[in-house]
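J.: When you get a sec, could you give me coordinates for this:
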Amino acid sequence: MDLDCSAVLADVWLILDGECDQATRDRLQHHMDHCSPCIEQYGLEEKLKRLLNRKCGGDKAPDSLRQRLTVEIRSFTQVETRRVDTGE
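T.: This next block holds a predicted model:
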């Protein structure tokens, strides 16, 4: 199954937070293995997560806030869609 970049980047935090099942993780990882813009963005998000973790000291936002932020982020995420031919 081919994923476009916007679908992968919308779910990057699921990987970073360990909140996706193995099949989803494998699909997203397969795309990133063949798409340098997505892996670069993943790296930036990973650095941001580490920084937030260090600075926030483990504080946890309420689930309702997390859900609202997820909806807002996804609604404003605009990514150039690219298809990667893996030759498979």
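J.: Can you pull the phi and psi angles for the residue most central in space within the chain?
T.: Closest residue to the average C-alpha location of the chain: residue 12 at 0.8 Å, with Cα atoms, centre = their mean. Its backbone dihedrals place residue 12 at phi -60, psi -40, with angles given as degrees, to the nearest 10.
J.: Count residues in the vicinity of the nearest residue to it once chain neighbours are set aside, would you?
T.: Here the nearest residue to residue 12 in space, its sequence neighbours aside, is residue 45; by Cβ to Cβ, 6 or more residues apart in numbering that works out to 5.0 Å. C-betas here are computed from N, CA, C, even on glycine. Applying other Cβ atoms under 10 Å, we find 15 residues neighbouring residue 45.
J.: Let me see the mean pLDDT of the strand or helix carrying residue 27.
T.: Under DSSP states H and E, the secondary-structure element containing residue 27 is helix 22-33. Mean pLDDT, helix 22-33: 89.
J.: roughly how far out does it sit from the chain middle?
T.: A distance of 11 Å separates the C-alpha centroid of helix 22-33 from that of its chain, computed with Cα atoms, centre = their mean, to the nearest Å.
J.: Check which helices and strands it sits against.
T.: Packed against helix 22-33 by the contact rule (3 or more Cβ pairs under 8 Å, 6 or more residues apart in numbering; DSSP states H and E) you find helix 5-10, helix 12-16, helix 36-56.
J.: Go again with 6 Å.
T.: Under the contact criterion of 3 or more Cβ pairs under 6 Å, 6 or more residues apart in numbering; DSSP states H and E, the helices and strands touching helix 22-33 comprise helix 36-56.
J.: Just want the angle from the helix it packs on to helix 22-33.
T.: For helix 36-56 and helix 22-33, the angle between their directions (axes from the mean of the first three to the mean of the last three Cα atoms, to 10 degrees) works out to 120 degrees.
J.: now the helix or strand just after helix 36-56, how far from the chain's geometric center?
T.: Moving toward the C-terminus from helix 36-56, the next helix or strand (DSSP H and E) is helix 63-76. Relative to the mean C-alpha coordinate of its chain, helix 63-76 is positioned 13 Å out (Cα atoms, centre = their mean).
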